[in-house]
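Student: here you go, sequence then predicted model.
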Amino acid sequence: MVSDSEIKTTVSPFRMRPGEIKVFDGKDGYVSMNQIIQKINVGHITDIHFRILELINQYEFLTSRQLYQLLEHEKAEIKNQDKLNNKLEQLIKNKIITRYYFTSDEGSGIYRVYCMEKMGKYLLESREIECKWQPSDNAKPVEMIKKKLAGNQLVIAYIRKVKAYSKSTLKPAILAKTINKTFKPIANIELNYMGRRVDFVYEVIRRNEEWERKLIERMSFWKDFYDNFAPGDSGYPVIPQLVFVCEDDKHMAEVFRVIVMNSIKIDKIKFYYTTDLIQNSNTLERSLYDFVEENGKYRMRNVEAKILE
């Protein structure tokens with residue numbers, strides 16, 4: 001598999017494209033549970049298949065590259081990407097998982113997105129593994145899936161590259177107390193740095209229709225949460241740091257402009273920004289940006305974050 005640092009693309013695979021739609025690329029037809037049980041009994045479906053299934057259940061939507069990176073980090077018995085792809089084909093053929101790709105006027109995407117199927121849910125529950133997946137989850141729109149993929153890429157990068165990484169929570173529930181609204185950013189990452197806990201919470205933003213209006217509305221929830229924060233709120237012993245995950249450098253500036261033009265200010269924290277492709281760097285120490293004012297103008301500044309070494 002090509003390493004992250006060898007990827008030469010300048011455009012995020014998880015950016016929004018005009019007129020983009022999701023296309024089914026799984027298997028039609030019927031497979032019985034008895035057929036699957038037989039394949040388990042004769043060793044055609046093994047523990048590594050179940051581990052793949054558990055990861056898809058945990059992350060909801062994954063590319064094969066993301067799956068391989070997670071398995072490689074766990075030192076699972078998958079020798080290369082081709083071997084993993086063969087396992088995925090087996091799971092799809094037996095309707096344990098399914099697959100989609102994206103297409104638009106620009107052409108079809110270069111990757112496939114893997115997600116749960118009904119038989120996969122049954123198999124996990126047979127092993128007393130919680131599975132909240134519902135068939136309607138696979139009907140989620142492109143924007144929601146790409147947000148999830150971008151968030152998963154970031155979490156996987158922290159797992160693999162950041163020494164202080166402790167754990168991550170996908171879609172943590174955060175309560176805006178005054179307006180009594182619970183909302184869910186894409187992920188929280190907990191670091192253990194020099195003996196203290198530090199939390200980063202990530203809000204993924206895509207250039208979908210009316211994204212600026214949606215960001216302004218979302219920031220009202222964040223402002224309520226931070227302005228009224230007390231230790232223990234939403235499970236945080238100390239105030240977490242908010243990071244916006246954007247499609248590219250220009251998008252970071254666009255997000256910052258929306259925040260400034262609408263006078264959105266949260267005194268307790270600074271806003272930090274990152275992009276999808278920055279997560280491919282060998283180290284994430286320079287993966288965060290902020291904006292500083294100089295001579296009446298703002299400029300984007302790369303932040304050195306030793307905590308992310």
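Tutor: Sure thing, it's come through. Residues are numbered from 1 along each chain as shown.

Student: contacts and neighbour counts: CA atoms only from here.
Tutor: Noted.

Student: put the alpha carbons of stretch 171-182 into CSV.
Tutor: Extracted C-alpha coordinates of stretch 171-182, given in CSV (Å, rounded to 0.1, in the frame of the first residue of the first chain):
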residue,chain,number,x,y,z
LYS,A,171,-20.0,11.3,17.5
PRO,A,172,-19.8,12.3,21.2
ALA,A,173,-23.0,13.7,22.6
ILE,A,174,-22.5,17.3,23.7
LEU,A,175,-25.1,19.3,25.5
ALA,A,176,-25.7,23.0,24.9
LYS,A,177,-27.3,23.6,28.3
THR,A,178,-29.1,26.9,27.9
ILE,A,179,-30.9,26.0,24.7
ASN,A,180,-31.2,22.3,25.9
LYS,A,181,-29.8,21.0,22.7
THR,A,182,-27.7,17.8,22.3
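
Student: contact partners of it?
Tutor: 183-188, 221-222, 224-225, 228, 233-234 (Cα atoms under 8 Å, 6 or more residues apart in numbering).

Student: one more time with 6 Å, if that's ok
Tutor: The contact list for stretch 171-182 (Cα atoms under 6 Å, 6 or more residues apart in numbering) reads 183, 184, 185, 186, 187, 221, 224, 225, 234.

Student: contacting residues around residue 82?
Tutor: With contact set as Cα under 6 Å, 6+ apart, residue 82 has no partners.

Student: element containing it?
Tutor: Secondary-structure assignment from DSSP states H and E places residue 82 in helix 81-93.

Student: of the contacts of stretch 171-182, closest to residue 27?
Tutor: Nearest to residue 27 among the contacts of stretch 171-182: residue 186, at 29.3 Å, using Cα to Cα.

Student: the closest one and residue 147, how far apart?
Tutor: Using Cα to Cα, to the nearest Å, residue 186 is found at 8 Å from residue 147.

Student: again, but for residue 172
Tutor: Computed as Cα to Cα, the residue 172 to residue 147 distance reads 15 Å.

Student: equivalent analysis for residue 58, please.
Tutor: Here the criterion is Cα to Cα. By it, residue 58 lies 15 Å from residue 147.
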